[in-house]
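Asker: no sequence on this one, just coordinates:
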């Protein structure tokens, strides 16, 4: 019929034929001739085409403008195709332009509330037009209409003489009222949908207990009246509501919401009573993402607890969507989960937080074995034990961790946001978010509480070396091996600026602490420091003075000074206002000795950190950490980490004299800079630790590593733990039900540890290089760096044999089975 009508209109003088085409092929051929001969420069517009056969019917080698929600419809025709991107709603600038036309003002002269009103309209032309018409009649009501939109008071946005509807709620409900009576209730059921969530047809089939075709027919009526939107997903459809439609339905059906959520859960339980959710089902991801939300909204406390406190659910969900969403749900619904047992909720949340980096990666670990590593009082352990007993009968093997009661896990949260080494991570100023970057060239932003991902940006063309939040948390800066510095909107991820004035890789970036005068400092391998004002396209100042790569920079707490560290062995302080060098501290001189000439020694100053009062600055170089007075440049304290490798990073606590230091031997140390004593040892990373950073309130700190993880540590919890760590030299004897461990700690004590009870006997202090126990625990032996071997009788704790057996460090020893002979080997190549 459409083809016939079109042919009739294009051939009104009936030059080509006096008879209407009788079928599609004839009509298509007639239209092609008319377009080519009578209207060769015309454009054929096909609006809202859903099916390829419709386009095929009109395909007659002329130019066609096509609107569709499914790009694949053009696959049915040949010829060149051009895609024109079309927004589903009004953009901010276009919305402001429409408002300005309604109120007869220039866009630049619109009041501040106009921007907020456009934001609340969420791109809806209907709402923008209605508000504009109302403001034309009541030009002083900007604040009033904004408040009503924010509070979802649609009824109070009242009639204007120039608009058809009494109020916004009527404008939005007019299409609902025009629905057939038998399908109105189905639209009410959609009140439980969330914003920006696309729902598979199968979910609504379960809710309404209908066949797919029946559900699609009902939903198509909603789509036709613009009450619902639809995306094609392969052979099936995904349905979603506009944000304002969600608000409208939620307000209109507020009293029914709990029952509507309960209806969905009841139908879900009925449908999946005898079957399991399978990843290949189209509705699977929806249930894993939103089942807990619907249970909580239905106030189904018992069902929610049964779901969230289930190892089966945790295993299935983390394998599909990772751990962060689950941790978020434990935080979100804590008030309901705690009603059953706050300890159980804590058990599961801690289990997820500390094992999430394992659960979120392939190959997926055995969750039962992970659960068996929890404390025996934990509900996680109890469930894992029960499952292990069942699976052992089917040939599975599990191990029990005997002395786990004596081991404290100090990490609060472990996340794996990257697919390669994590070079840097930092807290936002409000402490709610963490930004991280690394070798995978990405910038990640996630919640500090749960690890839930907020942003993932392919930030640079090469490794990203550093990132920093601005003082107002609006921006994130990144710098890279690709020589570029970029500024990003921290919420939307939109690129704000790109700076490319450095000629070598950019190692560090840091914002001023005051948001009223926002500056960014960057340091590069080109030996320069640069200052950038975000409202300028070019560098504000370049600071010359370093003779080698600038590794790190930090603004003082009052933003008057900028400190920089370099591979030239110096720490420099710069005046921010004038960009002049204020002073230079030659850190290299503190490593000089008579044995090594100054010109041959390389001292790379890795990083620096200011104290909270700005009076002192901490500097890391080689295996030492220094504390300098910034007024006198005098050395106030010096910490020797005792390791033969370079300190990677250091950070000062914002509220006390604690400092956290990253070391390449996979762990982190906490030091008291007043007493110069080590407070704690934090182990857990499986590779080099690149960065450490305190939260703004100092209550926690993060560490990032080559092992692709970021760990969060509670400062108080860490500092309560002993700072003494065991070295690698240990020996173990298993005797009947007893396990005895002989070990050397890092303050050179020999410890005998009962594996079952955790009891420790401190035996002796010596320069121990290796140790061993006799099979029946009569003796122990230990060797030293001086080549000496000593044998200790365990019954009376006395050394009864001591001799110099080797000329060099003893590396290995072992008793024979009868404990009458001891075999040893050494660096002197002798046995």
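Answerer: That came through fine. Since we're looking at a predicted model, the values are computed, not measured.
Asker: can we go C-alpha only for contacts and neighbour counts from here?
Answerer: Fine.
Asker: How about the contacts made by the nearest residue to residue 240 once chain neighbours are set aside?
Answerer: Of all residues not flanking residue 240 in the chain, residue 198 sits nearest, at 4.8 Å (CA to CA, 6 or more residues apart in numbering). Going by CA atoms under 8 Å, 6 or more residues apart in numbering, residue 198 touches 238-240.
Asker: which one of those has the most neighbours?
Answerer: Highest neighbour count within those: residue 240, with 22 neighbours (other CA atoms under 10 Å).
Asker: I figured that residue was touching residue 197, is that so?
Answerer: Yes: between residue 240 and residue 197 there is a contact at 6.2 Å, judged by CA atoms under 8 Å.
Asker: got the buried residues for the helix or strand harbouring residue 751?
Answerer: Residue 751 is located in strand 749-754, with elements delineated by DSSP states H and E. Within strand 749-754, the residues scored as buried using 16 or more other CA atoms under 10 Å are 749-754.
Asker: mind giving me a markdown table with the contacts of residue 198 and columns for secondary structure?
Answerer: A markdown table is the format used below for the contacts of residue 198 (DSSP: H, G, I helix; E, B strand; the rest coil):
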| residue | secondary structure |
| --- | --- |
| 238 | strand |
| 239 | strand |
| 240 | strand |
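Asker: Please name the nearest non-neighbouring residue to residue 194.
Answerer: Nearest in space to residue 194, with sequence neighbours left out and distances taken as CA to CA, 6+ apart, is residue 246 at 7.1 Å.
Asker: The one you found is in what secondary structure piece?
Answerer: Using DSSP H and E, the element containing residue 246 is helix 243-252.
Asker: For the following helix or strand past that helix, buried residues please.
Answerer: Next in sequence after helix 243-252, counting helices and strands by DSSP H and E, comes helix 257-271. Of all the residues in helix 257-271, those buried under the rule 16+ other CA under 10 Å are 257-258, 260-265, 267-268.
Asker: what's the answer for stretch 308-316, then?
Answerer: 308-309, 311, 314-315.
Asker: Ok, stretch 141-148 next?
Answerer: For stretch 141-148, the neighbour count (16+ other CA under 10 Å) marks 142, 145-148 as buried.
Asker: Give me the lowest-pLDDT entry from those residues.
Answerer: The lowest pLDDT within the buried residues of stretch 141-148 belongs to residue 148, with 80.
Asker: which SS class is that one?
Answerer: Three-state assignment for residue 148 (three-state DSSP): helix.
Asker: Look up how far residue 591 lies from it.
Answerer: Taking CA to CA, to the nearest Å as the measure, residue 148 falls 68 Å from residue 591.
Asker: Give me the next element, helix or strand, following the helix or strand of the chain with the lowest mean pLDDT.
Answerer: None of the helices or strands of the chain scores lower by mean pLDDT, DSSP states H and E than helix 168-177, at a mean of 64. Counting by DSSP H and E, the next helix or strand C-terminal to helix 168-177 is helix 181-189.
Asker: Which residue ranges of the stretch 51-200 of the chain form helices?
Answerer: Counting by DSSP state H, counting those that start in this stretch, the stretch 51-200 of the chain has helices at residues 52-58, 92-103, 112-121, 125-137, 142-150, 168-177, 181-189.
Asker: which stretch among those comes nearest residue 491?
Answerer: When these are compared by CA to CA, helix 112-121 sits nearest residue 491, at 14.7 Å.
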